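Undergrad: After the sequence you'll find the predicted model.
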Amino acid sequence: MGLTNVWLATLSDGLLRADQVVGLTAHATPALTGKPPRWLLDATLRTAAGSGSADGWDMGILHRTLIQTPGEPVGAPEALARLLARLDRENAAGLITAVADSGARTHPASVVRFAFHPFEDDEGSG
């Protein structure tokens, strides 16, 4: 199985092993009083998540946010999918981080770039 040695940095949930990702989505959060909506780039995991209450158990899919942007991250899921496919072909090992560049304030979209940091770069340090 590929991508067992590639990890994705999440916004607040630590690291996520890339071979566990089954989907990549971008969606807007609702606007709150005094706060504009934000865009989230999420990875969907193959693990189901559940929560319960006195009324029963609710199952859903598990999402982890990779980055939050002020504008729609147009093309970001596709760009990450291409990077993951390339790294899978290369049998790579390392860490992927997402960086947002909102560009000009008048531009409604955000640009998300993905950086891959091979683990080989860490040899000999520390």
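TA: Noted; the coordinates are in hand.
Undergrad: how many neighbours does Phe116 have?
TA: For Phe116, the count of nearby residues is 15 (other Cβ atoms under 10 Å). The way it works is simple: take the backbone N, C-alpha and C, and place the C-beta from them, glycine included.
Undergrad: Would you mind confirming that it is in contact with Leu83?
TA: Yes. With contacts counted by Cβ atoms under 8 Å, Phe116 reaches Leu83, the gap being 6.7 Å.
Undergrad: Common neighbours of those two, please.
TA: Ile96 (Cβ atoms under 8 Å, 6 or more residues apart in numbering).
Undergrad: what residue ranges in the chain are flagged as low confidence?
TA: Low-confidence segments of the chain (pLDDT under 70): 1, 48, 50, 52, 102-107, 121-126.
Undergrad: just the helices in it please.
TA: For the chain, the helices defined by DSSP state H occupy 76-89.
Undergrad: Next up, the contacts around the most centrally placed residue in it.
TA: Taking Cα atoms, centre = their mean, the centroid of the chain lies closest to Leu66, which sits 3.0 Å from it. Leu66 makes contacts with Leu8, Ala9, Thr10, Leu11, Leu41, Asp42, Ala43, Leu80, Ala98, as judged by Cβ under 8 Å, 6+ apart.
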